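1. From the sequence below, what's the structure:
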Amino acid sequence: MPNNPIKRFKYLATATFAVFIFTGCGKVDVDIFQETGKSWDYPKTVAIVPFSYDLKIKKINNTHSILRKTFFNYFSYLGYNDIPLNTVDLKLAPIIQSGTSINNVPNAQLMKILEVDAIIRGKIINATNFTAGIYAETSIEAKLEMVDLRSNKVMWDTQHLELDSSGIATPSLVDMIEDQAANSEVDLAYHKIAESFALKVLAKIPDPASLRYNKINLPHIESVEANIRGNNELQPNDLVYVTMEGEPALLGHFDIGSFKTRIPMKEVSPGLYTGSYRIKKGDLIDGALIITSLSDNKGLTAKKFYKKALATKATEATME
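-> Coordinates of the predicted model:
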C-alpha cells in the first residue's frame, strides 16, 4: 500500500464512496444606479480604500486585505485611472493612524486627500475556512460599493456570498481529500475564493473603457487568442501560447491572472504579437484570466481579456 497519504486514499477509494463539490453561490446581483452611457463625466480616477469588517470577523484571517488586493488586481484592467493601493494607503495613513474610520471621513475630504473622482468601499460581513471530517468549506461574504465623491452618489453596489465546499455525494473520494488538503492552506484558500468573488462582480459593473478610447485614443486591440480551452488542466512544462492583434509597432504584454504579470509579447508581423509562458511545478494558477495589454510611447495602455477559457493548473496531488 502506498505511503503517501493522498496516494493511499487513491488506493483505498472505491465506487462505493461519493462526494459532492459545490463552488460559488450563483450569480452576483449588482445594483447599478448610473451607467457609463456616452458621458465623459463618468468618474475617471478611482481609489479602492481599505476594506472594513464586522466585529465578529477576526482581523487575523486577513480576508479584508486579501479581497481588496485581489479585487484591485482585476479592477485595474477596466477603463479607469486606478490608484495603486500603496499610494492610497500612504495618503490615508494620517487618518488611519488617528483611529478614525475611513467610512466616517466626509467624501469631500476623501476627494481632496486622494485626488480622485470616486472610491470603492468594501466590508467583509463573514468569512469561513474549516475542515471537519468529510466536509471542507471556504467562503467570503462582503458588500462593495462605488461612490462618486463629486456628487456623493452611489454608482453601484452589491452584497455577495462566494462559497467553495466539498462533502459526501458523488463518485470520487480522491477529489474530496484533495479539496480538504487545499482547504488547509488558509491564505491560499481565501485567495482562491476572493478571485472568484472579484471576477463575478467585475463582470457586472460598468466599464468606461469605450469612453476612454474615444477621448484619449488608447491603442486598439482587435482580438486575443490562446491555446487553452475550458476544462483543460495545465501540467508542468505545458506552454501557454497567446496571440494578440492590434495596432503595429507598440509594446505588448500578457498576464496570467495576478500570478504572472507582464510576460513580454513579440511583434512577429505588423500588428500581430505573440508570447508564451511554460508552466512550472508549484505555479499557483487556478481559474486565472489571460489578459493582454498594448502600450504606446506616451504610456497609454489598452487591455483585453481572452474570453474563451480560464487558465487552471492541475493540482500536485492530481499529477502524482
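2. In the stretch 101-250 of the chain, what residue spans correspond to strands?
-> Listed in chain order, the strands of the stretch 101-250 of the chain (DSSP state E, counting those that start in this stretch) span 118-132, 135-148, 153-168, 221-226, 239-246.
3. least reliable of those strands going by mean pLDDT?
-> The minimum mean pLDDT among the strands of the stretch 101-250 of the chain belongs to strand 153-168 (a mean of 84).
4. Buried residues, it. List them.
-> V154, M155, W156, D157, T158, H160, E162, L163, D164, S165, S166, G167 (16 or more other Cβ atoms under 10 Å). To be clear about C-beta, it is placed using only N, CA and C from the backbone, and glycine gets the same treatment.
5. That strand vs strand 135-148, what angle?
-> Strand 153-168 runs at 170 degrees relative to strand 135-148, counting by axes from the mean of the first three to the mean of the last three Cα atoms, to 10 degrees.
6. related to what we said a few turns ago, need the strands of the stretch 101-250 of the chain in a markdown table (columns: distance to I193).
-> Listed next are the strands of the stretch 101-250 of the chain as a markdown table, based on distance: least, Cβ to Cβ, whole Å:
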| stretch | distance to I193 |
| --- | --- |
| strand 118-132 | 9 |
| strand 135-148 | 5 |
| strand 153-168 | 5 |
| strand 221-226 | 25 |
| strand 239-246 | 24 |
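7. Return the most buried member of these.
-> Here the criterion is mean neighbour count by mean count of other Cβ atoms under 10 Å, and of those the winner is strand 135-148, at a mean of 22.
8. Just the helices from the stretch 1-150 of the chain, written as ranges.
-> Here the stretch 1-150 of the chain has its helices, by DSSP state H, counting those that start in this stretch, at 5-12, 63-75, 85-97, 107-114.
9. Can you say which of these is packed in most?
-> Of the helices of the stretch 1-150 of the chain, the one with the most neighbours on average (mean count of other Cβ under 10 Å) is helix 63-75, at a mean of 22.
10. now that one: how far from the chain's centre is it?
-> 7 Å (Cα atoms, centre = their mean, to the nearest Å).
11. what does stretch 121-129 give?
-> The answer for stretch 121-129 is 16 Å, by Cα atoms, centre = their mean.
12. Kindly report the same for stretch 147-157.
-> For stretch 147-157, the distance to the chain centre is 23 Å (Cα atoms, centre = their mean).
13. Distance across it, terminal residue to terminal residue?
-> Its first and final residues considered, stretch 147-157 spans 9 Å by Cα to Cα, to the nearest Å.
14. Is G299 in a helix, a strand, or coil?
-> Using DSSP: H, G, I helix; E, B strand; the rest coil as the criterion, the local structure at G299 reads coil.
15. let's have the chain start at 43 instead
-> That works, and once the first residue is 43, the last one we named lands at G341.
16. I298 is nearest to which of the helices of the stretch 43-192 of the chain?
-> Closest of those to I298 is helix 105-117, at 11.7 Å (criterion: Cβ to Cβ).
17. Can you check which of the helices of the stretch 43-192 of the chain gets nearest to A351?
-> Distance to A351, taken as Cβ to Cβ, is lowest for helix 105-117 among those, at 16.5 Å.
18. got the contact list for that closest one?
-> Contacts with helix 105-117, where a contact means Cβ atoms under 8 Å, 6 or more residues apart in numbering, come from 88, 90, 92-95, 99, 124, 127, 162, 164, 166, 169, 182, 184, 186, 229, 232-233, 236-237, 239-241, 243-244, 299-300, 331.
19. Now do the same contact list for the residue nearest the centre of the chain.
-> When Cα atoms, centre = their mean is applied to the chain, the residue found nearest the centroid is E237 (3.8 Å). Listed by Cβ under 8 Å, 6+ apart, the contact partners of E237 are T112, Y116, G299, S300, D328, G329, A330.
20. again, but for A351
-> By Cβ under 8 Å, 6+ apart, the contact set of A351 is A268, I270, R271, G272, N274.
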